[in-house]
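Novice: Sequence and predicted structure below; questions after.
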Amino acid sequence: MWRASAAAALIFGCLLHPASAASADQAKGTLTIGTQSSDVWFSVHVVGAFPPAPAKLADAAGEHAADVTVTEGACPAARHAGQREIGLTGATWCVHVSHLQAGYAVSGTLASPFTSLSLTVKRKDGPLLPLLWSIAALVAAVLISALSTTYVPGLTSKLRLRLYERDGGIAGLGDWVKTAAADGILSDDDIVARAKWARKYGPRQVMKIRGRLAKAADDADPALRDSPLDRACRAEAGRKADDATREDVLTDQGARSTKAADLLDSLTKANTAIRDFTSAADEIIAALQDDPAKAEQAEKIRGRALGPARDLSEEGVPQFVTNLSAIVQSMRTTFSAQQLALPGAERLVAAAASGAPARVTIPAIAASVKEAFEPVVVYAPALLLALVVMAGAVATVFSAQYLANPNFGTLADYWALILSAYGSAQATAIAAALLLIRTPKPWYG
């Protein structure tokens, strides 16, 4: 019995010794392949013609694997397999690696009794899809930047406009806002700026003018008492702080209203003209004391000249001042009083020459609005430069995220590419937008 056991051990030892020797004498090679396909075929020269059994290549985590089959001889011509060199000569293996997943590198060892090949295969997606996603990120950044500088501000302006479509304590202001927006003479921002000014400062300024108007009415010449001008001034001056309408602060065209200020100006001019005329006429009459007849005639002319003051309205003030100036000049000539200095008469002449106060017209408003907003073409060079810089930023990200990554292809890789490209482009767009920002100028009436 023991003889049979010894013979078996001897036979097993003889069989084991050649295998161990073969393992110790294996030729070793290392090969790393990059591909954009899910299948790889290649031929390689090895020592010994015995191909290894089918095996698997796996990534470092062991979660993604690829199948490997090896056959003896060159690969079929239909596979267009390439020849790979590992520094060995001899027989040829045809290696087929299948089920490769983009974004991963799989590794393993293909071993035969005479050859051990350490194989690593890296698969990445082709450049077309990543490039398209990079361009999509650029387009998204450009669109968002365009919206942030056009649509969003316009939408914000319209929303702000809605807030001022209510009167806000000034009767008629909301209707004016709606009408001005519909007419299109003023921009939404300009309308809001004027309505905001009207709410915040308009009543306060009107009340200051009304206070001055009340004092001027009390100090007016008796010749103006109970005239249409006097009644209009006292009615305006007597209005309370909460009695403010849109017409009191803004004109139909959106200019600062000078309703109370115009009344004050007319009253002041009429009152000043009467006093200057009276002063000049009194000097002429005083110079005629040696001729009672002429002095009496001059007094009558003075009385008749001030008679129209009882019916004087705001619109008639310029003509009234002109008439008083002409009467003074006529009295000078009639009574040979050219030698008199008559400062009041000189002031009357100057007041008559100045005419009525200038008023803001619609063309003037349109011109100011046009000057406030520069043509869009001014921004074209800056926008083009921003687009070029954004494209450069995306190209840089594409190089860093795709070209430098031999295993590009996972969802995480695409997200990193898209977000990096978008972030770089958007940062450039924000920088350009900061340079292009032109905020609406404040309006103070």
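Specialist: Perfect, I can see it now. Numbering: from 1, shown residues only.

Novice: and the host helix or strand of residue 30, average pLDDT?
Specialist: Assigned by DSSP states H and E, residue 30 belongs to strand 27-35. Strand 27-35 shows a mean pLDDT of 92.

Novice: Show me what it is packed up against.
Specialist: With contacts taken as 3 or more C-beta pairs under 8 Å, 6 or more residues apart in numbering; DSSP states H and E, strand 27-35 sits against strand 40-46, strand 115-123. Heads up, the C-betas are built off the backbone N, CA and C, glycines and all.

Novice: Reformat those as TSV; add mean neighbour count.
Specialist: Listed next are these as TSV, based on neighbours: other C-beta atoms under 10 Å:
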stretch	mean neighbour count
strand 40-46	20
strand 115-123	21
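
Novice: between those strands, which one is nearest to residue 25?
Specialist: strand 115-123 (10.4 Å; C-beta to C-beta).

Novice: for the very next helix or strand once past the closest one, which positions count as buried?
Specialist: Once strand 115-123 ends, the next helix or strand along the chain (criterion: DSSP H and E) is helix 128-149. By 16 or more other C-beta atoms under 10 Å, the buried positions in helix 128-149 come out as 130, 133, 134, 137, 138, 141, 142, 145, 149.

Novice: just how off-centre is helix 128-149 within its chain?
Specialist: 18 Å (C-alpha atoms, centre = their mean, to the nearest Å).

Novice: Domain map for the protein?
Specialist: 25-123, 186-365 (automatic domain parsing).

Novice: Dump those domains to CSV, plus distance to residue 395.
Specialist: Listed next are these as CSV, based on distance: least, C-beta to C-beta, whole Å:
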stretch, distance to residue 395
domain 25-123, 20
domain 186-365, 37
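
Novice: Out of the ones you listed, which gets the lowest mean score?
Specialist: domain 186-365 (a mean of 81).

Novice: now the end-to-end length of stretch 307-322.
Specialist: End-to-end distance for stretch 307-322: 15 Å, by C-alpha to C-alpha, to the nearest Å.

Novice: repeat for stretch 38-49
Specialist: 27 Å.

Novice: Show me what that stretch is in contact with.
Specialist: Stretch 38-49 has contacts (C-beta atoms under 8 Å, 6 or more residues apart in numbering) with 26-27, 29, 31, 33, 72, 74-75, 79-86, 88-102, 112-115, 117, 121, 123.

Novice: Narrow those residues to just the buried residues.
Specialist: 26-27, 29, 31, 33, 75, 81, 84, 86, 88, 91-97, 100-102, 112-115, 117, 121, 123.

Novice: for the domains of the chain, which one sits closest to residue 399?
Specialist: The nearest among the domains of the chain, by C-beta to C-beta, is domain 25-123 at 16.9 Å.

Novice: end-to-end on the closest one?
Specialist: 32 Å.

Novice: re the thing from before, which single one of the buried residues of helix 128-149 is nearest to residue 156?
Specialist: residue 149 (11.4 Å).

Novice: Helices of the stretch 251-400 of the chain, residue ranges please.
Specialist: Along the stretch 251-400 of the chain, counting by DSSP state H, counting those that start in this stretch, helices occupy 259-287, 292-306, 317-334, 343-354, 362-372, 380-398.

Novice: go on, the stretch 101-250 of the chain?
Specialist: Using DSSP H, counting those that start in this stretch, helices in the stretch 101-250 of the chain cover 128-149, 151-163, 173-183, 188-200, 202-218, 228-237, 246-249.

Novice: Can you lay out the helices of the stretch 251-400 of the chain as TSV showing mean neighbour count?
Specialist: Below are these laid out as TSV (neighbours: other C-beta under 10 Å):
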stretch	mean neighbour count
helix 259-287	21
helix 292-306	15
helix 317-334	19
helix 343-354	18
helix 362-372	12
helix 380-398	16
